[in-house]
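Asker: Build the 3D model from these lines:
(2 chains)
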Amino acid sequence: DSGVTQTPKHLITATGQRVTLRCSPRSGDLSVYWYQQSLDQGLQFLIQYYNGEERAKGNILERFSAQQFPDLHSELNLSSLELGDSALYFCASSVAGRDAVYEQYFGPGTRLTVT
Amino acid sequence: LAKTTQPISMDSYEGQEVNITCSHNNIATNDYITWYQQFPSQGPRFIIQGYKTKVTNEVASLFIPADRKSSTLSLPRVSLSDTAVYYCLVNNAGNMLTFGGGTRLMVKP
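Answerer: From the prediction side, this is the model:
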């Protein structure tokens, strides 16, 4: 158990819909990262937040957005869903912010299926 | 971004030592080398991290030559439960982890 929690574990929805994935980092960790893992594209970094502020952006689509709240939990919002958005979405946390190299702790993931 | 190259797959037998080599020719001065392990439908798990020479912890060793253009993850006496995908990463500024394809290790009885 990494200490990172993600809800829900599974989500099935239809194309065009919007969903919200939730992540609670390990106690004391200030950074939250979101990753997408699909069969054909491997594990892709989406976005990082540090203490409530966006710190780094990866391959995140404009239809996707995220935020980190004052209690440090984070939400990833996916809208206008397409079949290709079906994937495992992982959240990770670490103590670090920018310019530091620290271990990231990954949650169990949310499996999103778009039908 | 420093790109990494590692074998797509490897087979081994229980009790053997497994060495997985990763090349990262354009690694930057401030980059660290980190290895993660991932089981199916689970999030990656940190194994080991190093900057140069040799690092050892309770599960693995990491060997990094002086030029740092490659690194080798060594798993001593593997068991069936070590069957997983192993990712070699080079940590860039800003803490973005760039995962490549990884190496699928299959441990056979």
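
Asker: in stretch A:36-53, what's buried?
Answerer: Neighbour counts using 16 or more other C-beta atoms under 10 Å in any protein chain shown place A:36, A:37, A:43, A:44, A:45, A:46, A:47, A:48, A:49, A:50 of stretch A:36-53 among the buried residues. For every residue, glycine as well, the C-beta is placed using N, CA and C.

Asker: what's near enough to touch residue B:73?
Answerer: Neighbouring residues of residue B:73 by C-beta atoms under 8 Å, 6 or more residues apart in numbering or on different chains: B:19, B:20, B:21, B:22, B:35, B:47, B:48, B:60, B:61, B:62, B:86, B:88.

Asker: Repeat the analysis, applying 10 Å as the threshold.
Answerer: For residue B:73, the contacting residues are B:6, B:18-22, B:33, B:35, B:37, B:47-48, B:50, B:60-63, B:86-88, B:103, B:105, taking C-beta atoms under 10 Å, 6 or more residues apart in numbering or on different chains as the criterion.

Asker: and what of residue B:60?
Answerer: Residues touching residue B:60, when contacts are defined by C-beta under 10 Å, 6+ apart, comprise B:18, B:20, B:35, B:37, B:47, B:48, B:73, B:74, B:75, B:76, B:82, B:86.

Asker: what's around the fourth one, how many residues?
Answerer: Residue B:37 is surrounded by 21 other residues when neighbours are defined as other C-beta atoms under 10 Å in any protein chain shown.

Asker: do stretch B:29-43 and chain A meet at all?
Answerer: Yes. Stretch B:29-43 lies in contact with chain A when judged by C-beta under 10 Å from any C-beta of the partner chain; the contacting residues are B:30, B:31, B:32, B:33, B:34, B:36, B:38, B:41, B:42, B:43.

Asker: Strands along chain B, start to end?
Answerer: Taking DSSP state E, the strands of chain B run over residues B:9-13, B:18-23, B:32-38, B:45-50, B:53-56, B:61-64, B:70-75, B:84-91, B:103-108.

Asker: How about chain A?
Answerer: Listed in chain order, the strands of chain A (DSSP E) span A:5-7, A:10-13, A:19-24, A:31-38, A:42-50, A:53-57, A:64-68, A:74-78, A:87-94, A:105-106, A:110-114.

Asker: Adding distance to chain B and mean pLDDT, write those out as JSON lines.
Answerer: Listed next are these as JSON lines, based on distance: least, C-beta to the nearest C-beta, whole Å; pLDDT from 0 to 100:
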{"stretch": "strand A:5-7", "distance to chain B": "9", "mean pLDDT": "97"}
{"stretch": "strand A:10-13", "distance to chain B": "11", "mean pLDDT": "97"}
{"stretch": "strand A:19-24", "distance to chain B": "11", "mean pLDDT": "98"}
{"stretch": "strand A:31-38", "distance to chain B": "7", "mean pLDDT": "93"}
{"stretch": "strand A:42-50", "distance to chain B": "4", "mean pLDDT": "90"}
{"stretch": "strand A:53-57", "distance to chain B": "5", "mean pLDDT": "90"}
{"stretch": "strand A:64-68", "distance to chain B": "14", "mean pLDDT": "97"}
{"stretch": "strand A:74-78", "distance to chain B": "14", "mean pLDDT": "98"}
{"stretch": "strand A:87-94", "distance to chain B": "5", "mean pLDDT": "95"}
{"stretch": "strand A:105-106", "distance to chain B": "3", "mean pLDDT": "94"}
{"stretch": "strand A:110-114", "distance to chain B": "8", "mean pLDDT": "97"}
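
Asker: Nearest to residue B:11, out of those strands?
Answerer: Closest to residue B:11 of these is strand A:42-50 (C-beta to C-beta; 21.1 Å).
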